[in-house]
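> fold the following.
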Amino acid sequence: MAESLNERIARAVTPQLIDDFRRDGAVCVRQIFNADEIELLRAGIERNIASPSPRAKVASRPDDPGWFFEDFCNWSEIDAYRRFIFDSAAPAVAAALTGSETVRLYHDHLLVKEPNTRQRTPWHQDQPYYNISGGDNVSMWIPVDPVAHASRLEFVAGSHLGPWLMPRTFMDNQAKWFPEGSLADLPDIEANRDAFPIIGWALEPGDMVCFNMLTLHASGGVGGASRRRAFSVRFIGDDIRHAPRKWRTSPEFPGLVETLREGAQMESPLFPVVWSRRG
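Numbers count the residues shown, from 1 in each chain. Reported below is the predicted structural model:
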């Protein structure tokens, strides 16, 4: 018989997994989603690609033989995304990993690398691009295609413990967020990989990786026979607070600064509660 949702969570999210997440800032959760959930997500992704939002962007260069496409914050427009986010195991896993009493959706993020995409995703932390502070958070990266070792996400274990590092544009390495010099720059990890505790996993549909928004991570391109469609969901827990920026965050939340004070909990319809210990 097929596992129930609670059985899948109990099997996959062990005390050891939670300890690993808190120590390393990244873990792999195997076969937490069933075939129907992955098919639902594929349908949402294909609808998203066919009808991008105004927030969509192409993140590969014009001379790249492939195509790297991203889009953000579409859960309220794409029913398949909404059903997956609210009804799958994802919110309960987020609660277990963060130890939070309440979990809110922060945002969704689609990442598609079509065959022959050379564009790497360079080493970076996510949280410096955002408008939040606090450590009770988790990003889930959920592929609907097999992810080979060469195309996997890689992480520097323990880097979520700090410090914050300068966020830069992926294409031209510009500091568009924090003022130049206000944060330390990333080390050249690729030039000295053996000096860093790099972890990562090849994945199959049904697997996911979960990581803290401060964990340094990167990924390669994809080969000529591979398509890599991945859906990322970011969840926030108890200690997350609004941290307005003077610059454009990625993604943006227009109008939020006028309705939510600095330092407030993220109580807004933009960030719905998806799990609560109180039921």
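
> flag the shaky bits of this structure, pLDDT-wise.
1, 171-176, 279 (pLDDT under 70).

> scan it for its longest helix.
Scanning the chain for the longest helix, with DSSP state H as the assignment, gives helix 35-50.

> the very next helix or strand once past it pairs with which strands, parallel or anti?
Downstream of helix 35-50, the next assigned helix or strand under DSSP states H and E is strand 57-58. Looking at strand 57-58 with DSSP bridges, its partner strands are strand 68-72 (antiparallel).

> C-alpha coordinates for the partner strand, CSV please?
Provided in CSV are the C-alpha atoms of strand 68-72 (Å, rounded to 0.1, in the frame of the first residue of the first chain):
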residue,chain,number,x,y,z
PHE,A,68,18.0,29.2,-18.1
PHE,A,69,14.6,30.5,-17.1
GLU,A,70,13.4,31.8,-13.7
ASP,A,71,10.1,33.0,-12.4
PHE,A,72,8.9,34.0,-8.9
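
> the helix or strand that it is followed by vs helix 35-50, what angle?
Heading C-terminal from strand 68-72, the first helix or strand you meet, by DSSP H and E, is helix 79-87. Relative orientation of helix 79-87 versus helix 35-50 (axes from the mean of the first three to the mean of the last three Cα atoms, to 10 degrees): 140 degrees.

> quick one on the thing from earlier: and the longest helix of the chain, what does it pack against?
Judged by 3 or more Cβ pairs under 8 Å, 6 or more residues apart in numbering; DSSP states H and E, helix 35-50 is in contact with helix 79-87, strand 102-113, strand 228-236. C-beta coordinates here come from the backbone N, C-alpha and C atoms, glycine included.

> what comes up buried for that helix?
37, 38, 40, 41, 42, 43, 44, 45, 48, 49 (16 or more other Cβ atoms under 10 Å).

> which of the helices and strands packed on helix 35-50 sits closest to residue 147?
Of all the helices and strands packed on helix 35-50, strand 228-236 sits nearest to residue 147, with 6.0 Å by Cβ to Cβ.

> parallel or antiparallel, list what pairs with the closest one.
Taking DSSP bridges as the criterion, strand 228-236 pairs within the sheet with strand 102-113 (antiparallel), strand 137-143 (antiparallel).

> CA-only coordinates of the first one in PDB, if you can.
Okay, so that is strand 102-113. Output in PDB follows, covering the C-alpha atoms of strand 102-113 (Å, rounded to 0.1, in the frame of the first residue of the first chain):
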ATOM      1  CA  THR A 102       4.200  28.400  12.800                       C
ATOM      2  CA  VAL A 103       5.400  28.200   9.200                       C
ATOM      3  CA  ARG A 104       4.600  30.700   6.500                       C
ATOM      4  CA  LEU A 105       5.200  30.600   2.800                       C
ATOM      5  CA  TYR A 106       7.800  33.200   1.800                       C
ATOM      6  CA  HIS A 107       7.800  32.700  -1.900                       C
ATOM      7  CA  ASP A 108       8.100  30.200  -4.800                       C
ATOM      8  CA  HIS A 109      10.800  30.200  -7.400                       C
ATOM      9  CA  LEU A 110      10.900  28.300 -10.700                       C
ATOM     10  CA  LEU A 111      14.300  27.400 -12.200                       C
ATOM     11  CA  VAL A 112      14.500  25.700 -15.600                       C
ATOM     12  CA  LYS A 113      17.700  24.800 -17.400                       C
END
